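J.: Structure for this input, please:
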Amino acid sequence: MKSILAIALAFLTASAQATPRVITSAHATPREQYAATRLRAAVVNIPTHETILLAQRHDPLIAPYDKQIPDFWPNAEEAFLLRRIGNTIIVTGYDASGTLYGALELENRIESQKKIPEQLDDEDHPQLKLRGVAIGMQKPSITYEGAEYDYPYTPKDFPFFYDKVWWTHYLDYLVQNRYNALFLWNGHPFTSLLKLPKYPEAQELPTAQLEQNIAMFRWLTAEADKRGIWVLQGFYNIHLSHAFARAHKLPYHLSAPSPLATEYTRYCIAQFIEQYPHVGIFMTLGEAMGPHYGPQWMTSAIIPGVKDGIAALAKREGHAVPEPPIIVRAHATDIQDVMAAAHPLYSNIDTMWKWNGESLTWTNIRGPVRARFQDLVAGSNVTIANIHLLSNLEPFRWGDPDFIRETEHNFIRIGIGGLHLYPLRYWDWPFSADNTTPRLQQTDRDWIWYEAWARYAWNPERNPQTERTYWITRFAQRFGNDNAGEHLLNAYELSGICAPKLLPRIGITEGNREVFSLGMTMPQLIDAARFSPAETLWTGDAPPGERLTDYVANEVAHKPHHGETPIGVAAEVAASSAKAVEEAEAAAPGITRNQAEYQRIVNDTKSIAALMAFYNAKTQAAALVMQYGYDHNTADLEKAEPLLAQSVAHFKDLVALTDTTYLDAAAMHTSQRRIPVTGGPSTEHFRDLLPVYEKELAIFQSRLKSLNQNNNSKSTTDTHAPQPSQSHLDRRDEQPHPLPEVPFTLAPGAGELFTVSPGQPLYTDNANATIATVSSALDGLHGIRVSTRQEQPLHFTLSAPAQILVGFFKSSSHKALNVSPATEQWNLVMPNAIIPSGGKSLPVSVWAKPLPAGRNDLDLGKGAYIVLGFVPEDAHIPFTPATIPGQPPNLDWLFEN
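T.: This is a model prediction of the structure:
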């Protein structure tokens, strides 16, 4: 009889053999070690005698199996193989990341089958080289000394940044979905992450806080790296340390390079590269800085800073250091000039540009947007599509997997090699807008958003029918049975097409100036040109089709329509969203899990349906009002009135559905939001807009009543009398009072102060070009005039936050260069407000842009413009368009006081 000790040893040996062994390379990288940890946890309860070998393809560990497994093709980054050879499982990759992804794939199959699969003969690789998500180290409101985008990293503002448990969960979530990049956005992150001994005056944080940040960032980047996730830190130009700016009497951000700002930024970048060699950088060359300075800034600050950092790192490490990639956003800069200037100095440059602007409108692109992407693809190593902000989707749940699959399939067709994905709610990370306690985490609420983009970034060429089954199963896993899963997927798809399809047909912009879920006013629908519409919204980011102006003109002229029409799309999305509600409610019998979240999904589908019904009725009303501009038949307006009333009723339904369920409709709370109303504390929720639409309806009903009374009066005296024109009833007969001013001081160097009034010269170098007439709202303001070929930026100090009013104009004079505003940052507020003397210049239109108190600068490139004053941030600027001969009368007066 065996001894008890021998029996025990035999039992232990058998038990040990029954647990699969996971063997790694003797030189395993942190990524392979992390992969092995995941696999060991997956097989701990799997009784088997199998062995799993985990290593890169040419590691000695798997050399005995070289003849039984194929080699990877050249440059197959992140590719992996899974092979079963008897009781040996081979998990190998082209590189460490590929080996990691192979281990995760095997882990998923083990968890699904509750055993190691009997058949393993798989090979896979990603379609997109870079697959990243974005986190904003920024806040919904401008809270830090009035500066846009600048927020120091502190526990008060960004508590999640210091939470290692939260980060561990989030990074595991990213690697599980095979994301390989994490973009952190901030205006000027360097003083939150670096000690800058050359510029001690730049330090913004207490030393203890700065040291905590540095330690945390090192931990975060190391944890991300072992999961194959490349952390990239973004910054804007030219944003400065606030302490540095005060010490040198500079604005917090500049619109043009200066020697000091260039040297400071170069040094910051060099220190960042040296201290964080495995962290990438990406930048916005435009935004604060004039777009024409991009090439200069790239070649004098960015690239030299990177090279300085590489040199210092090489000296420290004792060996050559390869050039790290630099990612340059094409936003708000002359990117072709930037790349032409940069390539001779630095070859490893990737580019990034917004797909569908700052919304999601179509699975494809065409026209000027496609041409820009094709240029970027041809001129850079990797071109990254930025799925940015999603201004037309928030705050609701959104996840149409087939829409996403087709979108990323088009990435491949165009040659785009990377994905940069914003969360559905950017400015309030990591929370959603749902009014719950505790707040909902976006990665949980918006799981399908992250999973679908990741799945199709890896491979968008999957069979649609197979994919439908996959997503039904995913819904079933979260909520109940397959029947419930199918209904919920249908609901997401039916509601998912609504905002993307409708925005290009009736909206103003795909940018963050418009919050589509808050609706639109009638003037914005019938007079889009007044609100500076972004043409690429319909010429590049949508299928061919008509806008309301085209639709009504074709209707009046009895011409055929082409492509999508606003009336047709509005009706289509109203019907689709109503069907989505039916599908969501039909899932109820099969819901066995996450009941509270299911109810929130149902409420979202109802909210989207109410919003689409609002737009459907209002779009029809707008078309009728615009038709009245052609035929002057008040019957058109009478038909429009009940439709407009219906739209208000639908918006009331939307308010009832969202009043207690949502904290706000848009996470960006600044005055940069302009459509439907200026952003601010009192315009963030659906309930805030209901009075706007009720007032609009009441004014219209009053105007219509007056028109009918006027018509009846005329018909009793002259049966052939014409319909009344706008001038008969327009409330603008009362001239607006001059706007209030914000005091300012102009720094010496460029421009001269003047009082806006008739007879004043428009330029400093042409006394003959004067103001003939000016809107009374501007008459008497204090402005700044410049030359006809202005090049120097203006520097000024504001006593309070303000809107700067700048006149832009077209001129046939050879003495003047035309300057145009960047419509994403500027808002048209007073068209044709100044009539110049003579006949060579067209009327001057006034545009506004918010600016913080303190030192500011204005650089619009080379050309003429005129600063007409600074008014309080919350000042109401009267919109007073001039009547232009030969064109239909402006009809905004039907809806505005």
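J.: if I look at the nearest residue to residue 464 once chain neighbours are set aside, how far off is residue 870?
T.: Using Cβ to Cβ, 6 or more residues apart in numbering and skipping the chain neighbours, the partner closest in space to residue 464 is residue 402 (6.3 Å). All C-beta spots, glycine's among them, are computed from the backbone N, C-alpha and C. Applying Cβ to Cβ, to the nearest Å, the value for residue 402 to residue 870 is 50 Å.
J.: These two: which has the busier surroundings?
T.: residue 870 (29 against 19; other Cβ atoms under 10 Å).
J.: For the more buried one, grab phi and psi.
T.: phi -130, psi 130 (degrees, to the nearest 10).
J.: wait, it sits on residue 797?
T.: No - using Cβ atoms under 8 Å as the test, residue 870 is too far from residue 797 to be in contact (10.6 Å).
J.: Between these two, which contacts overlap?
T.: Common neighbours of residue 870 and residue 797, counting by Cβ atoms under 8 Å, 6 or more residues apart in numbering, are residue 744.
J.: And for the helix or strand encompassing residue 111, what's in contact with it?
T.: Assigned by DSSP states H and E, residue 111 belongs to helix 96-113. Contact with helix 96-113 is made by 29, 31-32, 34-36, 38-39, 42-43, 46, 52, 54-56, 72, 76-82, 89, 91-93, 116-117, 120, 122, 124-125, 175-176, 178, 180, 227-228, as judged by Cβ under 8 Å, 6+ apart.
J.: which of those are buried?
T.: Neighbour counting by 16 or more other Cβ atoms under 10 Å classes 29, 31-32, 34-36, 38-39, 42-43, 52, 54-56, 72, 76, 78-82, 89, 91-93, 116, 120, 124-125, 175, 178, 180, 227-228 among the contacts of helix 96-113 as buried.
J.: Now, those that are in strands?
T.: 52, 54-56, 80-82, 89, 91-93, 124 (DSSP state E).
J.: in the stretch 451-600 of the chain, which spans are strands?
T.: Per DSSP state E, counting those that start in this stretch, the stretch 451-600 of the chain carries no strands over any range.
J.: cool, and the stretch 201-350 of the chain?
T.: 230-237, 280-287, 326-329, 349-354.
J.: Which strands or helices does the third one pack on?
T.: Pointing back at strand 326-329 there. When contacts are defined as 3 or more Cβ pairs under 8 Å, 6 or more residues apart in numbering; DSSP states H and E, strand 326-329 packs onto strand 280-287, helix 335-342, strand 349-354.
J.: Repeat the analysis, applying 6 Å as the threshold.
T.: strand 349-354 (3 or more Cβ pairs under 6 Å, 6 or more residues apart in numbering; DSSP states H and E).
J.: Could you measure from residue 129 over to residue 415?
T.: 11 Å.
J.: The two: who's more crowded?
T.: Using other Cβ under 10 Å, the more surrounded residue of residue 129 and residue 415 is residue 129, with 18 against 13.
J.: What values do phi and psi take at the closest residue in space to the more buried one that isn't next to it in sequence?
T.: Using Cβ to Cβ, 6+ apart and skipping the chain neighbours, the partner closest in space to residue 129 is residue 417 (4.7 Å). Here is the backbone geometry of residue 417 (degrees, to the nearest 10): phi -110, psi 0.
J.: What number of residues are in the vicinity of residue 417?
T.: 19.
J.: swap in residue 560?
T.: 5.
J.: so where's the stretch 601-750 of the chain shaky on pLDDT?
T.: For the stretch 601-750 of the chain, the stretches flagged by pLDDT under 70 are 714-736.
J.: quick one: the helices in it?
T.: Per DSSP state H, counting those that start in this stretch, the stretch 601-750 of the chain carries helices over the ranges 634-658, 686-717, 726-729.
J.: Could you say which of the ones you listed is packed most deeply?
T.: Of all the helices of the stretch 601-750 of the chain, helix 634-658 has the most neighbours on average by mean count of other Cβ atoms under 10 Å, namely a mean of 19.
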